[in-house]
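K.L.:
Build me a model:
(chains A and B)
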Amino acid sequence: MPTSIPEQELMEPGHTACQGCGATLAMRYVLKALGKKTVVSVPASCWAVIPGAMPNRTLDIPMVYTPFAATGASISGLREALDIRGDSDYNVVGFAGDGGTADIGLQSLSGAMERGHNVFYIMYDNEGYMNTGVQRSGSTPYGAETTTTPVGLDRNFKKQQKKVVADIMMAQGVPYVATATIAYPEDLIRKVQNAKKVNGPKFIQILAPCPTGWYYPPEKTIGVSRMAVQSRMFPLYEYSSGTFRLTRPSKPVTVREYVQSQKRFSHMDEDEIRTLQEEVDRRWESLLEKETH
Amino acid sequence: MLVPLAETSSRANHTGLWRTLKPVIDYSSCIRCEICWKFCPDNAINLEDGRTTPAPNQKVTAFSIPVIDYDYCKGCGICANECPEKCIEMKFEEE
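P.N.:
Numbering: from 1, shown residues only, chains lettered A, B, ... in the order given. Below you'll find the predicted structure:
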């Protein structure tokens, strides 16, 4: 029986990710879609430690480590250098976490996208600085408890809404922008392959649930990822050459059900869940409007 | 051709030692859907020829079977949780 996703594996076992890691699945699917002729640039993030220490490698392709804020600059340079060498058929991929994209690497990303290099920027979004011990990032959703937003008696959970970098990229006019998640690998791989056809900058945001930082049992990674889409906490869309397509979940669930699946939200009361639900609904309506324009 | 600078594969790292729960596949009810292979974050499930392995019916015998590589499986349990036939059981290592 032919498999529903490419059989080729470019990520090897033996890496040092946590049990049930979502970010490793994101890398595995992206490389399945892009194939062997790919160069990956990784800033400080979980993926900087997952491959293990030198001389070990987990990826069968070249991987470059860059400073935290320089993913966009490094992929721009790699692209131009490879073009001069005559290696234009290589895919250049920046693979950064949400801290390295939404907070620290945003100006570098924005610059690379504006200059229009033919590169991929993949943001694997685990909604916090998970590698350094679960600190809050701009991409952490409202209500989440992290080590820098501890609930305690003062209820200092994150009070701000999630900053969605894919929306920023769309507003900036990047030719290809998509969101995907690991629970739907066929959709994720199709989006990466669609992006490959676009000659220009491509941005894909992949939700990669983190059992360590979201405090849920590791076997639930796929379930939580699926629920994020069904509850509209993380809507899946694809924006290509001016057309916007939003994926409607077939079995919707409420934000309450999603929130109850993870311990990072366990302190939330009815009012706080309602605030989150209202924000999710508001964002969904604004995405529906984008589709009609 | 561009190749990685690091020559040793992380296969040298036997992460199976981390495991406390071990997934065991019951092939007699496995329908070969390959969902466990698709969702394995450790890439520790391989697809192998399964023509002589017990199967729930004749139709699926020609398809490849998922085989867990216990050298690398960290025992996260995603495979057992996502299996539509519930034919993967998580057993304690001591058993």
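
K.L.:
The lowest-mean-pLDDT helix or strand in chain A pairs with which strands, and in what direction?
P.N.:
The helix or strand of chain A with the lowest confidence, counting by mean pLDDT, DSSP states H and E, is strand A:56-57 at a mean of 88. Strand A:56-57 sits in its sheet next to strand B:8-9 (parallel), going by DSSP bridges.

K.L.:
Toward the C-terminus, what is the element adjacent to the partner strand?
P.N.:
As assigned by DSSP states H and E, the chain's next helix or strand after strand B:8-9 is strand B:21-25.

K.L.:
buried ones in that following strand?
P.N.:
Residues of strand B:21-25 classed as buried: B:21-23, B:25 (neighbour count, 16 or more other C-beta atoms under 10 Å in any protein chain shown). Using the backbone N, CA and C atoms, a C-beta is placed for each residue, glycine as well.

K.L.:
can you put the residues you listed in TSV and add pLDDT?
P.N.:
TSV is the format used below for these (pLDDT from 0 to 100):
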residue	pLDDT
B:21	95
B:22	95
B:23	96
B:25	96
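
K.L.:
what would the residues you listed look like in TSV with distance to chain A?
P.N.:
Shown next, in TSV, are these (distance: C-beta to the nearest C-beta, whole Å):
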residue	distance to chain A
B:21	9
B:22	13
B:23	10
B:25	15
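
K.L.:
Which parts of chain B are strands?
P.N.:
Assigned by DSSP state E, chain B shows strands spanning B:8-9, B:21-25, B:45-48, B:65-68, B:88-92.

K.L.:
what's the offset of the top helix by length along chain A from the middle of its chain?
P.N.:
The longest helix of chain A (DSSP state H) is helix A:270-292. Computed by C-alpha atoms, centre = their mean, to the nearest Å, the chain-centroid distance of helix A:270-292 equals 20 Å.

K.L.:
And for it, what's in contact with it?
P.N.:
With contacts defined as C-beta atoms under 8 Å, 6 or more residues apart in numbering or on different chains, helix A:270-292 is touched by A:141-143, A:157, A:161, A:164, A:231-233, A:235, A:237, A:244-246, A:254-256, A:259, A:268.

K.L.:
Give the burial count for residue 84, as a bare number.
P.N.:
Using chain A. Residues near residue A:84, counting by other C-beta atoms under 10 Å in any protein chain shown, number 9.

K.L.:
other chain: chain B
P.N.:
Residue B:84, neighbours per other C-beta under 10 Å, totals 9.

K.L.:
hang on, the earlier thing: which one of the buried residues of strand B:21-25 is nearest to residue A:31?
P.N.:
Each of the buried residues of strand B:21-25 was scored against residue A:31 by C-beta to C-beta, and residue B:23 proved nearest at 24.1 Å.

K.L.:
That closest one reaches residue B:87, doesn't it?
P.N.:
No: at 10.4 Å, residue B:23 and residue B:87 do not qualify as touching, with contact defined as C-beta atoms under 8 Å.

K.L.:
Contact residues of the stretch 101-250 of chain A facing chain B?
P.N.:
Within the stretch 101-250 of chain A, the positions adjacent to chain B are A:182, A:185, A:211, A:217-223 by C-beta under 8 Å from any C-beta of the partner chain.

K.L.:
So which of the contacts of helix A:270-292 belong to strands?
P.N.:
In strands, judged by DSSP E, the following of the contacts of helix A:270-292 are found: A:237, A:244-246.

K.L.:
which of the residues you listed lies closest to residue A:137?
P.N.:
For those, the nearest to residue A:137 is residue A:237 (21.5 Å; C-beta to C-beta).

K.L.:
Roughly how far does the closest residue to that closest one other than its chain neighbours sit from residue A:280?
P.N.:
Spatial nearest neighbour of residue A:237, chain neighbours left out: residue A:246 (4.7 Å); criterion: C-beta to C-beta, 6 or more residues apart in numbering or on different chains. Remark: distance between residue A:246 and residue A:280 (C-beta to C-beta, to the nearest Å) = 14 Å.

K.L.:
of these two, who's got more company?
P.N.:
Legend: neighbour count by other C-beta under 10 Å for residue A:246 and residue A:280, higher for residue A:280 (22 against 15).

K.L.:
Contact partners for residue 29?
P.N.:
Chain wasn't specified; assuming chain A. Residues near residue A:29 by C-beta under 8 Å, 6+ apart: A:5, A:182, A:185, A:188-189, A:192.

K.L.:
The intended chain is chain B.
P.N.:
B:56, B:85, B:87.

K.L.:
Quick check, the last one in contact with residue B:25.
P.N.:
The reference is to residue B:87. Yes: judged on C-beta under 8 Å, residue B:87 makes contact with residue B:25 at a distance of 6.3 Å.

K.L.:
which stretches of the stretch 51-200 of chain A form strands?
P.N.:
Here the stretch 51-200 of chain A has its strands, by DSSP state E, counting those that start in this stretch, at A:56-57, A:63-65, A:91-97, A:120-125, A:176-181.

K.L.:
To residue A:105, which of the ones you listed lies closest?
P.N.:
Between residue A:105 and these, the shortest gap by C-beta to C-beta is with strand A:91-97, which sits at 5.8 Å.

K.L.:
The closest one versus strand A:120-125: what angle between them?
P.N.:
On the basis of axes from the mean of the first three to the mean of the last three C-alpha atoms, to 10 degrees, strand A:91-97 is oriented at 20 degrees to strand A:120-125.

K.L.:
if you skip the residues just before and after it, what's nearest to the closest residue to chain B within the stretch 51-200 of chain A?
P.N.:
Residue of the stretch 51-200 of chain A nearest chain B, by C-beta to the nearest C-beta: residue A:57 (3.7 Å). Nearest residue to residue A:57 in three dimensions, chain neighbours excluded: residue B:6, at 3.7 Å (C-beta to C-beta, 6+ apart).
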